Each structure stands twice: as structure tokens, then as C-alpha cells.
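In: need a structure here:
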Amino acid sequence: MALSTSEEQLMQLLWKQEKAFMKDLIEAYPDPKPATTTIATLLKRMQDKKFVDYKQYGRSREYFPLVKKTDYFSKHVNGLIKNFFNDSAGQFASFFTRETDLSQQELEELKQIIDNQLKAKKK
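Out: Below you'll find the model as predicted:
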């Protein structure tokens, strides 16, 4: 299950803070800050989707992510490759390197990452 754009924005704040009370999350938003009811609704939806949970402290809830950021985004990228690039990592890489206007240094860094992955796979 995926997150909506507003849920993803809130999830980013929670990943950054690792655990937070609602007031901490609202405080992390840029102005104009969202209403408490808006954040409560988003957190409830994210809880129903099994992305977050909370610990109860008196009347306050401390929220924490149930899904790791890397897991969420790797699933996203794999879905993107599957749905938009015919399940071809090569087509995705070709599109990514052409369309993002990477500098020579950034392309060299990508090449180094790929070379390191190739070495790791050979072991």
C-alpha cells in the first residue's frame, strides 16, 4: 500500500525524528502549520495502512514508523522500473542519466557505485 503525498510528507518528518509526539511533528512543518485535526487524520490513516504506530503516555501518543525509509523507497523505485520501464533497469538507468542532466562528476560517482556493486556481487 502506498502513501498519499501529504502522508509521505508527514512520514518524512517521522523518519527524520524517529519518534515524535504530534506537537513535534506539527512543529517540524514549515509555516503555515497544518491543523492538529489534519495531522491526527493523516496519522490515523497511516496507522491503518501499517506505516506508523504509537505508544500511549497518559493522554499523549508518541508515534514511530513501522516501515524503514529505505524499504519504502526501494519498493517505490522497483515499482517505477516495473511499471514505466518494462521491468528493465537498463531502460530506467538510461532515462535517469539522460533526463536528469547529471554532471560528469555525478556520472563518475554513479559509475563508481555500480562498479562497487559489481565487485560485491562477484564475491
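
In: can you list the domains in the chain?
Out: Taking automatic domain parsing as the reference, the chain has its domains at 5-65, 69-122.

In: and the first one, what's its mean pLDDT?
Out: Confidence over domain 5-65 (mean pLDDT, whole number) is 96.

In: and what of the shortest one?
Out: In this model, domain 69-122 has a mean pLDDT of 85.

In: For Thr100, grab phi and psi.
Out: Per-residue torsions, Thr100: phi -100, psi 0 (degrees, to the nearest 10).

In: distance of it from Val77?
Out: 14 Å (Cβ to Cβ, to the nearest Å). Heads up, the C-betas are built off the backbone N, CA and C, glycines and all.

In: How about Pro32?
Out: For Pro32 relative to Val77 (Cβ to Cβ), the value is 32 Å.

In: More neighbours: those two, which one.
Out: The neighbour comparison of Pro32 against Val77 (other Cβ atoms under 10 Å) goes to Val77, with 12 against 6.

In: Please, where are all the strands along the protein?
Out: Taking DSSP state E to define them, one finds strands in the chain at 20-21, 52-57, 60-65.

In: highest average neighbour count across these?
Out: With neighbours defined as mean count of other Cβ atoms under 10 Å, these peak in mean count at strand 20-21, which reaches a mean of 18.

In: mind checking how far it is from the chain centre?
Out: Average the C-alpha atoms of strand 20-21, do the same for its chain, and the two points are 18 Å apart (Cα atoms, centre = their mean, to the nearest Å).

In: Pairing partners for it, with directions?
Out: Using DSSP bridges, the neighbouring strands of strand 20-21 in the sheet come out as strand 60-65 (antiparallel).

In: contacts for the strand it pairs with?
Out: Applying Cβ atoms under 8 Å, 6 or more residues apart in numbering, the contact partners of strand 60-65 are 11, 14-15, 18-22, 25, 43, 51-55.

In: try it again with 7 Å
Out: With contact meaning Cβ atoms under 7 Å, 6 or more residues apart in numbering, strand 60-65 is reached by 11, 14-15, 18-22, 43, 51-55.

In: That's all I had, so thanks and see you.
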